[in-house]
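> Show me how the following folds:
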Amino acid sequence: MKSNHLFKLFAVSMFVVFLLAACGGNDEAEGNTDDRAESENDDSSQEDGSSTDEQEDESSESDSSEEDTSGAVSPQSASETVSFEQVTWIGGVPDRRPDPGIWYYTEDDHPEKYASTFDWEKEDVLLWQIGDEKYQGYDPDTRELEIMDDDVIKIVVELEEDDTDDRAPRNYLKVPKDKLEGKSFIIETVDGEQLSVE
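The predicted model follows:
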């Protein structure tokens with residue numbers, strides 16, 4: 001009885017091994033067939049005096065000459081904007097400035113209260129605060145710092161109504177060190193409306 005059980009176990013094990021070998025062997029056989037077919041194609045194209053690379057080049061040239069490319073546009077360069085990070089204040093937000101404006105703080109020129117707040121060796125800080133009364137109480141979000149000219153940066157902002165606040169919208173932005181040194185600024189909404197900083 002015990003030997004009969006061992007024989008059945010051995011037979012089932014052999015069947016599983018055979019099944020696995022058959023499945024795995026079939027993949028190898030197909031792979032070898034594919035390799036031989038590729039190698040035969042390579043040999044025949046070399047005998048014709050042309051390679052597959054040359055054939056691909058010729059087909060892509062003919063395809064491109066037949067397609068209409070009049071609607072193609074070149075991508076905008078990443079260098080047309082300045083990278084920044086909006087400052088998230090932890091432990092209290094600084095008071096608003098009494099007047100609207102734009103302030104550019106550097107390692108050498110910043111309020112003393114910010115001396116340990118920022119990494120002045122690596123970054124500068126841009127603060128903007130608008131004066132448009134109709135946007136008092138709106139929540140600001142800076143979307144982009146767009147390079148308009150060698151010396152002009154457009155600050156593109158989105159303003160969302162916030163019924164809980166009636167103060168002037170403003171943002172602190174961390175920017176790469178010296179990137180905005182000597183620049184002038186204009187502020188516009190994402191819809192193109194120029195905002196007042198006076």
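
> For V93, list the residues it contacts.
By CB atoms under 8 Å, 6 or more residues apart in numbering, V93 lies in contact with nothing. Where you see a C-beta, it was placed from the backbone N, CA and C, and this is true even at glycine.

> Would you quantify the distance from it to A115?
18 Å (CB to CB, to the nearest Å).

> V157 too?
28 Å.

> cool, T142 as well?
T142 is 24 Å from A115, by CB to CB.

> Between the two, tell me which one has more neighbours.
The neighbour count for T142 versus A115, taken as other CB atoms under 10 Å, is higher for T142 (18 against 10).

> what's the closest non-adjacent residue to that one?
N171 (4.8 Å; CB to CB, 6 or more residues apart in numbering).

> hang on, isn't that neighbour packed against R143?
No. Taking contacts as CB atoms under 8 Å, N171 lies outside contact range of R143: 10.4 Å.

> quick one: common contacting residues for the two?
By CB under 8 Å, 6+ apart, the residues touching both N171 and R143 are V157.

> Pick out whichever of those two has more residues nearby.
N171 (18 against 14).

> can you pull the pLDDT of that one?
If you check N171, the pLDDT there is 95.

> Relative to L127, how far out is it?
7 Å.

> Equivalent analysis for D166, please.
D166 is 20 Å from L127, by CB to CB.

> Those two: who's more crowded?
The residue with more neighbours, out of D166 and L127, is L127; 18 against 9, by other CB under 10 Å.

> Secondary structure class of that one, three-state.
strand (DSSP: H, G, I helix; E, B strand; the rest coil).

> distance of the nearest residue to it once chain neighbours are set aside from M14?
Take L127 and drop its neighbours on the chain: the residue closest to it by CB to CB, 6+ apart is W103, 4.4 Å away. Going from W103 to M14 by CB to CB gives 82 Å.

> Skip ahead from the helix-or-strand element of the chain with minimal mean pLDDT and say which helix or strand is next.
Lowest by mean pLDDT, DSSP states H and E among the helices and strands of the chain is helix 52-66, with a mean of 52. Note on helix 52-66: by DSSP states H and E, the next helix or strand toward the C-terminus is strand 85-86.
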